[in-house]
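S.K.: Only the shape, not the letters, is given here:
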């Protein structure tokens with residue numbers, strides 16, 4: 001699931017995506033975040049071109065621009081929006097992932113030959129255990145373990161973000177890329193014009209190594 005959020009200046013329990021039309025939104029200019037956001041707007045039935053986009057750069061620049069008063073809404077990945085909310089600067093109004101549905105995130109790349117090796121099996125055993133841990137462990141425990149990677153984020157805020165991702169289904173227990181999630185990913189990048197050909201599932205996706 002896409003892990004980006006929309007945060008507004010004011011709390012809005014009745015938020016609908018059409019409120020973005022004509023509004024200033026601080027957002028990513030390109031790449032995956034922009035593609036996913038455009039598709040989410042499409043799924044919501046609104047015209048992305050009617051949004052007054054403010055694109056200052058990367059995550060840190062986007063956060064600072066919104067903090068300094070620009071934009072009515074901001075598109076961010078966690079835990080930036082949770083920290084904005086904790087600081088009383090904004091209120092999360094929507095989750096992009098819920099608008100789109102499951103995609104082929106996050107994917108791992110490898111050669112097909114490597115997938116037949118003992119190293120691949122060992123890696124997959126550890127990867128499966130980690131995926132299970134991320135879904136089942138208390139968010140506070142994960143936040144405590146990850147805190148050093150987020151020095152500017154409050155630990156309680158980080159835990160809130162992780163709990164939200166657990167509930168959203170960002171880290172599925174299964175490790176394979178399903179056909180439905182793969183096709184949805186193609187739909188997104190085809191819609192925004194970044195994909196010129198729909199590659200067959202078998203051309204891109206392989207079954208993960210069998211583990212004990």
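M.R.: All right, it came through fine. Because the structure is predicted, anything quoted here is derived from the model rather than measured.
S.K.: And the contacts of the top helix by length along the chain?
M.R.: Counting by DSSP state H, the longest helix found in the chain is helix 118-136. Here helix 118-136 makes contact (Cβ atoms under 8 Å, 6 or more residues apart in numbering) with 108, 110, 114, 142, 166, 171-173, 175, 208-212. Using the backbone N, CA and C atoms, a C-beta is placed for each residue, glycine as well.
S.K.: Return the member of those residues nearest to residue 83.
M.R.: Distance to residue 83, by Cβ to Cβ, is smallest for residue 142 among the contacts of helix 118-136, at 16.7 Å.
S.K.: can you confirm the closest one is in a strand?
M.R.: No: read with DSSP: H, G, I helix; E, B strand; the rest coil, residue 142 is helix and lies in no strand.
S.K.: Could you give the number of residues near residue 4?
M.R.: Residues lying near residue 4 (other Cβ atoms under 10 Å) number 23.
S.K.: State the distance from it to residue 96.
M.R.: 4 Å (Cβ to Cβ, to the nearest Å).
S.K.: for residue 65, same thing?
M.R.: The value you get for residue 65 to residue 96, if Cβ to Cβ is used, is 19 Å.
S.K.: more neighbours, these two?
M.R.: Comparing residue 65 with residue 96 by other Cβ under 10 Å, the one with more neighbours is residue 96, at 22 against 17.
S.K.: And the furthest pair within the contacts of helix 118-136?
M.R.: Going by Cβ to Cβ, the pair spanning the contacts of helix 118-136 furthest: 114 and 166, at 30.3 Å.
S.K.: higher neighbour count, these two?
M.R.: Using other Cβ under 10 Å, the more surrounded residue of residue 114 and residue 166 is residue 166, with 17 against 11.
S.K.: ok, now which ones touch that one?
M.R.: 134-135, 139.
S.K.: Residue 187 too?
M.R.: residue 39.
S.K.: That one falls within a strand, correct?
M.R.: No: counting by three-state DSSP, residue 187 is not part of a strand but helix.
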